[in-house]
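[1] What follows is a predicted structure for the sequence shown.
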Amino acid sequence: MPKVIMTFPEGKHKVLTMSYDDGRAADRKLVEIFNRHGIKGTFHINSGLLGTGDRIPGEEIAQLYTGHEISTHTLTHPTIARSPKEQIVEEIIEDRRNLEKIAGYTVRGLSYPNGSYNQLVKEMLPYLGIEYARTVNSTGNFSMPDDFLEWNPTCHHKRDLLRFAEEFVNLHKKQYLYMMYVWGHSYEFEDDLNWDLIEGFCRNIGNRSDIWYAANIEIVDYIKAFQNLKFSADSHFVFNPAAISVWLSVDNEIVEVKGGNQVHLVED
């Protein structure tokens, strides 16, 4: 039987994803920085607060976040672990409905407002069309999540960001998959007068050939596509029922399994 393991696209073993909340005006500058360095982010937005204060107005959202992911953050940012079930349903479904009209695609992610969640909230999410939810509980490591509905990031950008970036860039053991997941709020760079922090981070870690730059939902979709591959009992061939390609290492050779295709992994 061949030795088959999952890789990220094109055989890569590292992925970087960014996650920023609230849809505030400073997102404009942050998106420009990401775009310049080939970095993708997920932006979690409260659609019920669009255009209030310094929040970006609805008519600007789709164009601003082109190439990135628009995701839910609830309609009005309540502490949902303290909310009745009826309010949780409305806060998430209405936010999805509003954002989908703006984005033109299905919105399937969430970041927990105020970092608030509990087991009941987690159990409700699949019925509300939510496939992943980000916490504020930083792990300080580069591991892949066991539970996408309790997706813990690597770090907030205020916590040793450049040290983590240096460690991540230097990771080389391809028997592991590594994910660096950074979260925060773009307005913090304004408040702390440290745009140079994220500029330096993106300049150092961006546009590298060995890193996959992905929005949150792209990682979820890719992992699910791998998990749904249909291998023969002896792993000599595999069928991919998904629409996207999945890459495998087969006896240390990288193989692309295109969506809707069956691929022989070993010559019979």
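    Done, it's in. Numbers count the residues shown, from 1 in each chain.
[2] In the protein, which residue is most central in space?
    Geometric centre of the chain, nearest residue: Asn216, 1.2 Å, by C-alpha atoms, centre = their mean.
[3] my guess is it meets Ser71, correct?
    Yes - using C-beta atoms under 8 Å, Asn216 makes contact with Ser71 at a distance of 6.7 Å. In this view, the C-beta of every residue, glycine as well, is placed from N, C-alpha and C.
[4] can you give me the strands for this structure?
    Under the criterion DSSP state E, the chain carries strands at the ranges 4-6, 14-21, 41-45, 69-72, 109-111, 132-134, 155-156, 178-184, 211-213, 230-231, 237-239, 246-250, 253-257, 262-264.
[5] Any chance of JSON lines for the ones you listed, columns mean pLDDT, distance to Val89 and mean neighbour count?
    Formatted as JSON lines, the strands of the chain follow (pLDDT from 0 to 100; distance: least, C-beta to C-beta, whole Å; neighbours: other C-beta atoms under 10 Å):
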{"stretch": "strand 4-6", "mean pLDDT": "97", "distance to Val89": "35", "mean neighbour count": "16"}
{"stretch": "strand 14-21", "mean pLDDT": "98", "distance to Val89": "21", "mean neighbour count": "25"}
{"stretch": "strand 41-45", "mean pLDDT": "98", "distance to Val89": "18", "mean neighbour count": "28"}
{"stretch": "strand 69-72", "mean pLDDT": "98", "distance to Val89": "13", "mean neighbour count": "27"}
{"stretch": "strand 109-111", "mean pLDDT": "98", "distance to Val89": "13", "mean neighbour count": "26"}
{"stretch": "strand 132-134", "mean pLDDT": "98", "distance to Val89": "15", "mean neighbour count": "25"}
{"stretch": "strand 155-156", "mean pLDDT": "98", "distance to Val89": "29", "mean neighbour count": "18"}
{"stretch": "strand 178-184", "mean pLDDT": "98", "distance to Val89": "25", "mean neighbour count": "23"}
{"stretch": "strand 211-213", "mean pLDDT": "98", "distance to Val89": "34", "mean neighbour count": "22"}
{"stretch": "strand 230-231", "mean pLDDT": "98", "distance to Val89": "35", "mean neighbour count": "12"}
{"stretch": "strand 237-239", "mean pLDDT": "98", "distance to Val89": "37", "mean neighbour count": "16"}
{"stretch": "strand 246-250", "mean pLDDT": "98", "distance to Val89": "34", "mean neighbour count": "20"}
{"stretch": "strand 253-257", "mean pLDDT": "97", "distance to Val89": "38", "mean neighbour count": "16"}
{"stretch": "strand 262-264", "mean pLDDT": "97", "distance to Val89": "41", "mean neighbour count": "13"}
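[6] how about JSON lines for the ones you listed, with distance to Ala165 added?
    JSON lines is the format used below for the strands of the chain (distance: least, C-beta to C-beta, whole Å):
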{"stretch": "strand 4-6", "distance to Ala165": "24"}
{"stretch": "strand 14-21", "distance to Ala165": "9"}
{"stretch": "strand 41-45", "distance to Ala165": "15"}
{"stretch": "strand 69-72", "distance to Ala165": "21"}
{"stretch": "strand 109-111", "distance to Ala165": "21"}
{"stretch": "strand 132-134", "distance to Ala165": "19"}
{"stretch": "strand 155-156", "distance to Ala165": "10"}
{"stretch": "strand 178-184", "distance to Ala165": "7"}
{"stretch": "strand 211-213", "distance to Ala165": "11"}
{"stretch": "strand 230-231", "distance to Ala165": "36"}
{"stretch": "strand 237-239", "distance to Ala165": "35"}
{"stretch": "strand 246-250", "distance to Ala165": "24"}
{"stretch": "strand 253-257", "distance to Ala165": "26"}
{"stretch": "strand 262-264", "distance to Ala165": "35"}
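[7] Return the distance of Ser245 relative to Phe239.
    Here Ser245 is placed at a distance of 13 Å from Phe239 (C-beta to C-beta, to the nearest Å).
[8] swap that for Ile39, sorry
    Counting by C-beta to C-beta - Ile39 and Phe239 are separated by 33 Å.
[9] Likewise for Met180?
    Separation of Met180 from Phe239 (C-beta to C-beta): 32 Å.
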